[in-house]
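In: Give me a model of this one.
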Amino acid sequence: MFFDPTIVVQPDFRDYLAPVAAMMSCNEYRSSPAIHITIDDVPVKYDTSRSYAELQNFHIDTISPYGANVQTRVTGLTDSQTYFSMQAAVGSATHPVLKTSCLYFETISVTIRTMPTVYLAREQLQNKCRYRSTLDHEMKHVDVGRRLAREYAPKIKTAVMNEVRRIGVVGPGPSNQRESIQADMMQMVNHKIAAVIEDMNRDQRARQQAIDTKQEYDRLSKMCGGKF
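Out: Take a look at the predicted model:
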């Protein structure tokens with residue numbers, strides 16, 4: 001999962017709105033943007049270039065159900081990368097004399113892009129049964145990432161919608177500070193998206209761990225005549 005939400009200080013628009021607030025009103029404008037959430041499932045990338053030993057050295061979140069003292073072999077793993085991006089169009093109305101502006105969101109688009117990579121130990125290329133059983137297991141992890149993107153898309157949309165309503169129409173502010181005000185508006189929406197993504201990351205770790213149980217590992221080890 002690729003997203004590193006940072007703690008941000010919420011900007012206070014009053015810092016630059018106060019001097020002109022009494023001179024122009026933004027009450028006649030409304031902020032009711034179209035909000036679009038798009039899911040882009042990039043085809044799975046398969047990597048069979050690594051050996052058992054190399055896969056063993058990968059950093060993974062999964063905790064072995066056998067405990068730290070039991071030596072196990074990593075035959076495959078999945079890197080479930082998910083990327084998020086936001087684009088927004090901000091409208092404005094500027095007073096021709098006062099040079100003050102009212103700003104509001106017109107459209108907001110969030111893209112959730114899932115980009116999983118499945119690693120299968122190259123030794124398994126010589127054992128079709130083991131290759132297939134490991135691949136079937138790893139595809140369960142891929143499916144979790146895809147399904148989570150769809151489950152959390154409405155939550156992201158709700159978070160964006162609520163924040164846009166809270167922000168409303170910003171202004172009046174100096175028109176020469178439009179870019180700075182617009183950046184603050186974007187920052188606040190991104191902050192709300194990051195909070196939802198943090199919940200999604202926790203959910204994903206729990207669901208992925210639920211796949212890698214001792215029962216599942218024992219089942220896989222007994223398949224294909226127990227041969228690796």
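
In: Could I get the full set of helices for this structure?
Out: Along the chain, counting by DSSP state H, helices occupy 14-17, 52-56, 128-167, 178-211, 214-222.

In: in the fourth one, what's buried?
Out: So that's helix 178-211. 178, 181-182, 184-186, 188-194, 196-197, 200-201, 204, 207-208 (16 or more other Cβ atoms under 10 Å). To be clear about C-beta, it is placed using only N, CA and C from the backbone, and glycine gets the same treatment.

In: OK, contacts around Gly168?
Out: Under the criterion of Cβ atoms under 8 Å, 6 or more residues apart in numbering, the contact partners of Gly168 comprise 31, 104.

In: Each with direction, which strands does the longest strand anywhere in the chain pair with?
Out: The strand spanning the most residues in the chain, taking DSSP state E as the definition, is strand 100-120. Using DSSP bridges, the strands paired with strand 100-120 in its sheet are strand 34-41 (parallel), strand 45-47 (parallel), strand 76-94 (antiparallel), strand 170-174 (antiparallel).

In: Ile197 reaches Met86, doesn't it?
Out: No: judged on Cβ atoms under 8 Å, Ile197 makes no contact with Met86 at a distance of 11.2 Å.

In: Let me know the pLDDT of Met23.
Out: At Met23, the model reports a pLDDT of 53.

In: Also Thr134?
Out: Thr134 carries a pLDDT value of 95.

In: can you tell me which residues contact it?
Out: Thr134 is in contact with 75-76, 120-121, 124, 220, counting by Cβ under 8 Å, 6+ apart.

In: Now tabulate those in JSON lines and tack on pLDDT.
Out: Listed next are the contacts of Thr134 as JSON lines, based on pLDDT from 0 to 100:
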{"residue": "Thr75", "pLDDT": "89"}
{"residue": "Gly76", "pLDDT": "93"}
{"residue": "Leu120", "pLDDT": "96"}
{"residue": "Ala121", "pLDDT": "95"}
{"residue": "Gln124", "pLDDT": "91"}
{"residue": "Leu220", "pLDDT": "87"}
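
In: quick one: least confident helix or strand in the protein?
Out: Lowest on mean pLDDT, DSSP states H and E among the helices and strands of the chain sits helix 14-17, with a mean of 52.

In: Give me the number of neighbouring residues for Pro96.
Out: 6 (other Cβ atoms under 10 Å).

In: Report pLDDT for it.
Out: pLDDT, Pro96: 88.

In: any idea how far it is from Ser175?
Out: Distance from Pro96 to Ser175, counting by Cβ to Cβ, to the nearest Å: 10 Å.

In: remind me which residues of this protein are low pLDDT?
Out: Filtered on pLDDT under 70, the chain yields the residue ranges 1-24, 63-72, 226-228.

In: so who does the nearest residue to Asp212 once chain neighbours are set aside touch?
Out: Take Asp212 and drop its neighbours on the chain: the residue closest to it by Cβ to Cβ, 6 or more residues apart in numbering is Thr62, 4.9 Å away. Counting by Cβ under 8 Å, 6+ apart, Thr62 makes contact with 77, 208-209, 212.
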